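*Asks:* sequence plus predicted model, see below.
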Amino acid sequence: MLATRGCPYSCTFCTSPDMWTTEWLARNPQAVADEIQYYYKNYGILDFQFEDLTAIIRKDWVHEFCDEIIGRGVKITFQLPSGTRSEAIDFELGEKLKAAGCHDFAFAPESGDVRILKAIKKKIHLPDMFDAAKAAMRAGINVGCYFILGFPEDNYKSVFKTYCTIIKCAFLGFSHINLNAYSPQPNTESFQKLKKDGVIKELSDEYFLSLFTFQDHGAKKKSYNTRFSDWEISFLIALGMSLFYIFYFLRRPNRGGLLVIELFSSHSSNKTIKGFKSTLREASMILKNKIQGFLRSP
């Protein structure tokens with residue numbers, strides 16, 4: 001579902017400023033609740049996934065929306081998996097979101113290095129984000145975090161700082177993270193600079209196909225950072241994901257068994273688990289096809 005359109009920020013790697021400008025438009029909270037109630041009554045839908053670019057901007061809008069859901073007595077759950085801002089989140093709002101049915105959302109700082117945040121125009125203050133995350137978790141909401149490695153401005157120092165932030169997320173109790181390779185989407189500010197610097201020379205098939213691998217956990221990534229090779233950026237991403245789950249399970253050993261159960265169930269509590277399931281299915285299909293090909297060969 002969508003409750004809003006657009007984003008008021010101008011991150012250099014994002015297509016939104018060029019596609020939608022920086023205008024942020026929110027639907028009437030009552031209309032969103034009406035749509036939820038329609039799906040709930042007519043189709044028995046119990047869980048809703050909002051794919052807004054930036055759903056939580058105005059605190060008053062979120063309060064009004066939650067009041068609509070709570071007041072109607074619609075027993076649903078919903079997620080905000082695309083990443084949200086931290087400025088509006090406090091314990092009071094977290095409690096109301098939880099009461100309305102929100103069980104999972106994610107922040108998207110992209111980097112743990114202040115220098116990189118400034119370079120990509122990501123207007124986020126990490127200490128405030130962690131305060132908002134702790135308030136949401138105290139209210140009973142699962143909180144995730146999204147990061148990107150391989151920005152043109154990244155170096156080993158900035159990667160190390162992002163790793164430190166990822167480990168902090170694990171110790172604070174974040175339920176999941178997603179770590180992707182930087183992907184230069186066409187016509188973004190970052191893309192234009194790479195073209196000017198000669199890193200992207202032409203819009204070839206190879207370039208366009210590389211855009212599809214940035215969220216594929218099983219694929220080799222394409223690096224657009226001159227400091228890192230393709231295999232190096234792929235390794236750094238795998239290492240970052242491993243660091244989170246190593247420290248996460250050290251802090252919560254019982255979660256290992258629960259995660260395995262969830263991976264093989266029909267339910268997914270967050271977008272990262274869905275991604276892992278997709279990777280497992282793809283790996284299983286590849287293995288199955290290879291075995292069948294071997295058995296058919298003379």
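*Replies:* Looks like it arrived, so ask away.
*Asks:* name the helix or strand of the protein that has the lowest mean pLDDT.
*Replies:* Scoring the helices and strands of the chain by mean pLDDT, DSSP states H and E places helix 255-263 at the bottom, with a mean of 62.
*Asks:* so for the protein, the centremost residue is which one?
*Replies:* Centroid check for the chain by C-alpha atoms, centre = their mean gives residue 146 as the closest residue, at 4.5 Å.
*Asks:* what mean pLDDT does the host helix or strand of that one get?
*Replies:* Under the criterion of DSSP states H and E, residue 146 resides in strand 142-149. Averaged across strand 142-149, pLDDT comes to 94.
*Asks:* which elements pack onto it?
*Replies:* For strand 142-149, the packing partners by 3 or more C-beta pairs under 8 Å, 6 or more residues apart in numbering; DSSP states H and E come out as strand 102-110, helix 126-138, helix 156-172, strand 176-181, helix 230-251. (C-beta placed from N, C-alpha, C; glycine too.)
*Asks:* send me the fourth one as CSV with only the CA atoms.
*Replies:* In other words, strand 176-181. The C-alpha coordinates for strand 176-181 follow below in CSV (Å, rounded to 0.1, in the frame of the first residue of the first chain):
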residue,chain,number,x,y,z
HIS,A,176,17.5,-6.9,11.1
ILE,A,177,19.6,-4.9,8.8
ASN,A,178,19.9,-4.8,5.0
LEU,A,179,23.3,-4.1,3.4
ASN,A,180,23.4,-3.3,-0.3
ALA,A,181,25.9,-2.3,-2.9
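*Asks:* partner strands of that strand, parallel or antiparallel?
*Replies:* Strand 176-181 sits in its sheet next to strand 142-149 (parallel), going by DSSP bridges.
*Asks:* which residues are in contact with the strand it pairs with?
*Replies:* The contact list for strand 142-149 (C-beta atoms under 8 Å, 6 or more residues apart in numbering) reads 13, 81, 83, 103-112, 133, 136-137, 159, 162, 165-166, 169, 173-182, 233, 236-237, 240, 269-272.
*Asks:* report the buried members of those.
*Replies:* 13, 81, 83, 103-112, 133, 136-137, 159, 162, 165-166, 169, 174-182, 233, 236-237, 240, 269-272 (16 or more other C-beta atoms under 10 Å).
*Asks:* for residue 53, which of the helices and strands packed on strand 142-149 is the nearest?
*Replies:* With C-beta to C-beta as the criterion, residue 53 lies closest to strand 102-110 of the helices and strands packed on strand 142-149, at 10.0 Å.
*Asks:* so after the closest one, what's the next helix or strand?
*Replies:* Reading on from strand 102-110 to the C-terminus, the next helix or strand found by DSSP H and E is helix 114-119.
*Asks:* touching that next one from outside, list them.
*Replies:* With contacts defined as C-beta under 8 Å, 6+ apart, helix 114-119 is touched by 12, 109-111, 122, 124, 126, 151, 153-154, 158, 162.
*Asks:* re earlier: excluding chain neighbours, what is closest to the residue nearest to the centre of the chain?
*Replies:* residue 108 (4.1 Å; C-beta to C-beta, 6 or more residues apart in numbering).
*Asks:* residue 27 too?
*Replies:* residue 3 (5.6 Å).
*Asks:* can you tell me how far that neighbour sits from residue 172?
*Replies:* According to C-beta to C-beta, to the nearest Å, residue 3 and residue 172 sit 27 Å apart.
*Asks:* comparing those two, which residue is more hemmed in?
*Replies:* residue 3 (24 against 14; other C-beta atoms under 10 Å).
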